[in-house]
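>>> Coordinates only, no sequence provided:
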C-alpha cells in the first residue's frame, strides 16, 4: 500500500486539452498554467490526479493570471538583503488597491500644503533688511511698510487663488489653468517655472532650516552645506515611503512653529506696548551701520522684490485641491484663507518686532533667531523655538516633494516629460519624480555652497511667473464661461495678474545680475525640451500606429537566416538546430584567416554528417577581421531580397563565472552592436550554459 | 532605341537557380552572391542580363568568398577619421600573406635581440657602486673584482645557453625547456618569471634611458616619470607597426652605442696607461664618503647581487632562434657569443675606468654620464654619447616587446593565458600582448615614480629564476637524449644552473626587503592564474565537444514562444509576425496593473482581428512590477515542458536619436539581463527602427 503513495511515473497533462484541440491549438504547454499531474501506482490501474498551481501566479479568470508579492522576492542572498534593506528604508510594497483613503483633512492639509508658505516668514524679513540696510540705519525704517505692502499683495493673490480653487476642483495648477485658457505654450512656461520653483523651494527651505540650527549652535556653521544635503536625502527617503505617513510627520512641527512664532510676536507686541526700549545689540556686526547707498525708490523696490519671497508656496493649496476630503473646493478655500492670514500676520509682525529692537542681518545668525533670543525669556525656550523653525523649514521642502512629482506626472501624461515619470513604485508614489527632485536640489545646494542668500534671488522670479500665468488664465476663464458673477471674479483675477506681473518685472530687473537671469535662461530651455519630447512621442505614436484598413491576419514575414560559426561543437550545433527550427535553409558562414583552417573545417563538417538543410559558405578574411566581412556578407545577401528579414543566429556560450568572460573574444557582443541599427535585422543569441 | 538602354523592370535571379533546385534548396537568395540581374526593354522580348558582384566580397571558389580591404573601410565620417588616424599611427593593414620574409640577419638580430643585454652596461656598474660605497671609499676598490666575477658568470651562462640554441632550434625559451624537461609546473614558474622580467625590462630600461637625458639636461630631472611614460607609449606604437620596421629602427642606435661606449672605454684605458691621474670630482656629492657600514662578505654579496642586473636579457637570443635567417641555430649561437663578449667587455671596462677616476653615484647624474664627461674631449661628443645611451636603453625595451607577446601567444596556445593573446591584428603583430605589456610597464613606472634604483631590485630575481629553470631543464634534456657529447653538455648546463640558482638565493635574500618579495609573491599568483585559465578552457572544450556517436542530423528542437506586449502597434505586431513565422502557436503575454487596461487591450485585440494562431494571456501585476511576474510566468510555462526551449520575442523600437532612449522605459534591456543566465532560453529582439 505504501507504494501507492509514491508516484512511480508522473506525466503532466493540461486540464483543458479538449478545449485546446477545439480552438485549433495543439500545444505541449498550457498558457494559463492550470495543469494536472497524473501519477500511477505500482499496481496496474492505480492512478491519481493532482492539480498543480504555481505559487507565484494564480488564475483569476480564464486567460487571466495574477502575480502575488512572492514573484518579486529575489532568490539570491544579495538580492534578499537588498529587498530587506529597501523595505527598511522606504517600507514594504503596496498593491494598487491600497490607494483609496489617502485623502487629507483640513488640519493635515494645512500642515502638508502650507508649510512652504508659512515657513517663508523665517527668512523673508531678513531678505528685506539685507537690502534696506544698504541705506544705513535710516533704511530700516522702511522695512515695516514694505512688509505691509507685501502682505496686501498676498491678500490679493490669495483671494485670486480662491477663485481658482472653486473653478478647478480637479486641481488648478498654473500649468492646467494657463494651458486651458491661454494655450499650450503659456501652460508650458508656467510648468517650467513651477518645476524650477519646486527645486528652489527644496534648496532654499533646507538651507534656511540648516541656518536655524547653525544660528543656535555656531560651531556647526562651517558644515552648513553637508547638513543641508543630509536633510534633503532624509526628506527624499520619507517621501519614497508615501504621502499619508508624510502628512502625520508634518503636522506636528508645523503647528509647533505656528504656536511658537505667534507667541514670539504677541509677546514682543505686549513688551513694546508696555514701553520696552530697544535692547543693546548683542552681536558685534549689528552695530550701527553707516549708509553704503543712498535711499532711493529703486532701493525700496529692491527691498520689496527681496521680500516677495515670503509669498512663495501660496499656490500649493490651489494645486492640491483633489487631496482634500470632500467637499474639496470648500475645504481648500478655507485652508487657503487661514494660511494667508497666518503668513501675513507672521511676516508683518516679525518685521515690526525686529524693527523695534533694531535687529540687523548677521552672517552667522539669522534675524528670526536674533528676535527670538531677545523676546523669549530663557535659553530653553529659545532653543526649542529654533528646533521648530528648523523642522518647519526642512519639512517645508515636502510641499515640493508633493507638487513636483504630480506636475511631472501630468506633464508626462501629456507627453511633455519622459514616460518614466508616470510610473508609480511599489509604495504607490511617483518614485522617479521624487528621486529626480531630491537629486536636483542636492546639486543646487552644492553649486551654491549651501547659502540661503545666494539661492533666494533665483527663487521668486519663477514662482511669480507661474502666479501671473495662472491669474491671467483665470481672467480668460471668466471671459469664456461667463458664469454668474463672472465680472467681479474677472476683476479680482485681473488685479492679481497685473500685480504679480509687476513683481516679476521688479524682481527680474532688481535681481537680474544676482542670479535671476539663470531662471530666465532655464525656463525657455525647459520649454524647448518639453516640445522636443512631445514631438518625439508624437512621432513614435504616429509611426507605430496601425493603419485603420490593416485587418485581421499578421503580415507574413520572409526570413533569411545566417549562422556565423567558429568551431563545430555543441554550442554551434545547437545554434544550427535553432536556425533549422525557424528556417528551412539557413546559411552557415565560416570565417577563416588562412586556407588550412577552411580545409580542417570542411573535414569536420563532413565528419559530422554535413548538417542537413544547412548551406555552408566560407568567407576568407585576409586582414584577420571578423565583423567587417560578415557585415559585408549580410549586406550582399540582403540586397538580393531587400524585403526579407535577415536573422543572424549566434552561438554563444555563457561561462559559469563572471571572470571567465575575459577569456573569450567578445565577438558576439561586437557583432550585435554593429547590427543594432541595421534595419530589418534580428539577432538571436542561442546560449549554451557551461557548468562549473 | 534609347529606351532599350534604360532597364524598365529589373528582377534579380541567381545564376545557379538550377543547381539550387537540384541539391534540394529552394531559397530566394544565393549564398555565394553570384547573381544575375535581368532587365527588360520597352519592346516585348528585349532583355539583357548583367552579372552583379559585391565590391567587398569576391567569389574565389564555389562556396568560398574573399573579403577585400574595402570591407573594413567605415562608412561614417568619424569612422573614416579613426581609420586614417590609426593608419598614420601604426600603418596600413597587412594581409596574412605578407608574413614571409620577416626574418632577421645577424646584424639586425644583434640589434633587436641584444639591445636589452648590452644596454645593461649603462646602469649595472652604478648599481654595484651604490652598494659598495656604503663601506666608504675603500668599498669602491671591490667594484672591479665584482664586475669580473659577474662577467665570468655571464660567460658560463652564455656558454650554457649556446647549447640550448642548438638543442631547441624552434626557440628555446625557459618556458619550453623547463616544461618539456621538468614538467608543466616548472615551465609555468619559468613563464611567470619571464613575463614579470619582460615588464621589468621595459620599465627599468626606459627609466634608465630617461636618466641618461636628465643627466645631461638636469632641468628635465623633475619630469623623469612623465618622460618615461611617453617613451613607453612611443615604443608600444612602434611595435604595433610590426617587427621588421622595428629591426631597422633599432639597428642604428644600438651600433652607435656599441661604438660610442667602446670608444669611451678604449680612450679611458689609453689615458690610464699613459698615466692620467684621477680628476677632481666635479659634483658636490661625489666628495669623499665616510663609511656608513662596515665592509663585510654580506655587503660584497649584495654588491654582486646588484651587479647581476647586467646579465638580464641574455636569454633573448635563445628564445628567438626562429627569427634568424637559416641556418638559424648557427647564426643564433654566433650572435650570442658576440653579444656576451661585448657585454662583458663593456661592463668590466666601464667599472674599471669609473674606479680609476673615482666616480661615485650621484642623485641627478648617472655614473656612465660622469665617466663620459671625464673621458670625452668635448661637450659635443659627450652630448652625442648621452643621446645614443638614451636611445639604446629606450629601445632595449623593445626586446621585451618582441619576447612578451610571443611568450603570451605560446601560453595562450597551450591554454594558460586568454585566447585573445593569440590574435594578430591587421599589422600581423600580437596586438593584445603588445598593448598589455605597454600598459603594465607604464603602471609600474608610475607606481615607482620613474626611479631606476627602486625598480632594479625587483628585476634580477625573476630573470635569474628563469635562467635557473632553463639550465636545469637542459641538464634533464641531455640526460634523457644522451646525444653524442651529452656528458660534457650536461656538466656545462649543470654549472650554469647551480650558479644562477645561487644568484637567485643571494639576490632574493639581499634584496628581499627592497622589493624582491613582490616578485616572489607575484610569480605564484601568476602560476595559479595560469592553472585556473587552463582549467576553464579544458572544461569548455570538454563540455562543448561533440560525442563521437552523435551523427548526421541536427537534434530536433522544441520551442515555446512567448511574446510580452504592451500596446498593439506596428512594433508589437511585427514581433507577433516574427513569432508566428518561427512557431505555430506563440503565446502573447499582456501584463497589466489595473483592470481597465486589460479590458481596453482586449477590445483593441478584437478590433485588430485577434491575430490568428496567437494565444493571449493576461498577467495582472498588483505591485506594478514588470520583470518579476513575467519571469515567474516563464518559469511556470517552462516547468510544463522542461525539455523545450523557451524563446522570448521582444518588440523593441530603436529611436533615431540616442537621447530618445531616455524617453522610454528600458524594459526590454532589463528583461534580457534577467534572462541571460536562464538555461535553454533564447531572447529575440525584433527591432522597429523609427524614422527621424
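Nice, thanks for sending it over. Every value quoted in this text rests on a predicted model; they were computed, and no experiment measured them.

>>> Residue A:614 contacts residue A:580, correct?
Yes: if you go by Cβ atoms under 8 Å, residue A:614 and residue A:580 touch, sitting 6.8 Å apart. C-beta here means a position set from N, CA and C on the backbone, and glycine is covered the same way.

>>> State the number of residues packed around the residue in the stretch 251-400 of chain A that chain B sits nearest to.
At 18.2 Å from chain B, residue A:322 is the closest residue in the stretch 251-400 of chain A, using Cβ to the nearest Cβ. For residue A:322, the count of nearby residues is 13 (other Cβ atoms under 10 Å in any protein chain shown).

>>> State whether it is indeed within a helix.
Yes: when the secondary structure is assigned by DSSP: H, G, I helix; E, B strand; the rest coil, residue A:322 falls within a helix.

>>> ranges for the helices of the stretch 101-250 of chain A?
Secondary structure of the stretch 101-250 of chain A (DSSP state H, counting those that start in this stretch): helices located at A:106-119, A:124-132, A:137-140, A:143-167, A:174-182, A:184-216, A:224-241, A:243-273.

>>> right, so of those helices, which gets closest to residue B:307?
Shortest separation from residue B:307 across those is recorded for helix A:224-241, at 57.0 Å, computed as Cβ to Cβ.

>>> What residues sit buried inside that closest one?
Within helix A:224-241, the residues that qualify as buried are A:224-225, A:227-229, A:231-232, A:235-236, A:238-241, counting by 16 or more other Cβ atoms under 10 Å in any protein chain shown.

>>> Find the nearest non-adjacent residue to the residue nearest the centre of chain A, please.
Centrality entry for chain A: nearest residue to the mean C-alpha point is residue A:433, 0.7 Å, by Cα atoms, centre = their mean. Residue nearest to residue A:433 in three dimensions, not counting chain neighbours: residue A:405, with 2.9 Å by Cβ to Cβ, 6 or more residues apart in numbering or on different chains.

>>> and if you look at residue A:479?
Nearest residue to residue A:479, sequence neighbours excluded (Cβ to Cβ, 6+ apart): residue A:490, at 6.4 Å.

>>> thought the one you found was touching residue A:482?
No: between residue A:490 and residue A:482 no contact is recorded; they are 9.5 Å apart, counting by Cβ under 8 Å.

>>> Need the residues touching each of these two.
Between them, residue A:490 and residue A:482 share no neighbouring residue, with contact defined by Cβ atoms under 8 Å, 6 or more residues apart in numbering or on different chains.

>>> Show me where the stretch 451-600 of chain A has its helices.
So, for the stretch 451-600 of chain A - with DSSP H, counting those that start in this stretch - the helices run A:452-481, A:486-510, A:517-544, A:570-582, A:595-607.

>>> Please name whichever of these is nearest to residue A:275.
For those, proximity to residue A:275 was assessed by Cβ to Cβ; helix A:452-481 is nearest, at 34.6 Å.

>>> tell me which strands and helices that closest one is in contact with?
Under the contact criterion of 3 or more Cβ pairs under 8 Å, 6 or more residues apart in numbering or on different chains; DSSP states H and E, the helices and strands touching helix A:452-481 comprise helix A:124-132, helix A:143-167, helix A:174-182, helix A:184-216, helix A:486-510, helix A:517-544.

>>> how does it look with 7 Å?
helix A:143-167, helix A:174-182, helix A:184-216, helix A:486-510, helix A:517-544 (3 or more Cβ pairs under 7 Å, 6 or more residues apart in numbering or on different chains; DSSP states H and E).

>>> what angle do it and helix A:174-182 make?
For helix A:452-481 against helix A:174-182, the angle between stretch directions is 40 degrees (axes from the mean of the first three to the mean of the last three Cα atoms, to 10 degrees).

>>> Can you list the low-confidence ranges for the stretch 1-150 of chain A?
Confidence mapping of the stretch 1-150 of chain A against pLDDT under 70 gives the ranges A:1-28, A:34-42, A:44-55, A:69-76, A:78-79, A:86-102.

>>> before we move on, the earlier item: with respect to residue B:661, which of the helices of the stretch 101-250 of chain A lies nearest?
The stretch from the helices of the stretch 101-250 of chain A with the least distance to residue B:661 (Cβ to Cβ) is helix A:184-216; that distance is 22.2 Å.

>>> quick one: the closest one to chain centroid distance?
Taking the mean of its C-alpha atoms, helix A:184-216 sits 15 Å from the chain's own mean (Cα atoms, centre = their mean, to the nearest Å).

>>> Next, the angle from that helix to helix A:224-241.
Inter-element angle recorded for helix A:184-216 and helix A:224-241: 120 degrees (by the same axes, to 10 degrees).

>>> Next, the angle helix A:124-132 makes with helix A:184-216.
Helix A:184-216 and helix A:124-132 are oriented at 90 degrees to each other (the same axes, to 10 degrees).

>>> Next, the angle from helix A:184-216 to helix A:106-119.
80 degrees.

>>> Against which helices or strands is helix A:184-216 packed?
Using 3+ Cβ pairs under 7 Å, 6+ apart as the contact test, the elements touching helix A:184-216 are helix A:106-119, helix A:174-182, helix A:224-241, helix A:367-375, helix A:379-413, helix A:431-447, helix A:452-481, helix A:517-544.

>>> helices or strands up against the longest one?
Yep, that's helix A:379-413 we're talking about. Applying 3+ Cβ pairs under 7 Å, 6+ apart, one finds that helix A:379-413 contacts helix A:106-119, helix A:184-216, helix A:224-241, helix A:243-273, helix A:316-319, helix A:367-375, helix A:431-447.

>>> can you count the residues close to residue A:650?
Burial of residue A:650 is recorded as 23 neighbouring residues (other Cβ under 10 Å).

>>> would it count as being in a strand?
Yes: Residue A:650 forms part of a strand when assessed by three-state DSSP.

>>> pLDDT wise, what is the residue lying closest to residue A:382 once chain neighbours are set aside at?
Of all residues not flanking residue A:382 in the chain, residue A:376 sits nearest, at 4.7 Å (Cβ to Cβ, 6+ apart). In the predicted model, residue A:376 carries a pLDDT score of 87.

>>> ok, back up a step: so which of residue A:490 and residue A:482 has more stuff around it?
Regarding residue A:490 and residue A:482, a neighbour count based on other Cβ under 10 Å identifies residue A:490 as having more, with 18 against 10.
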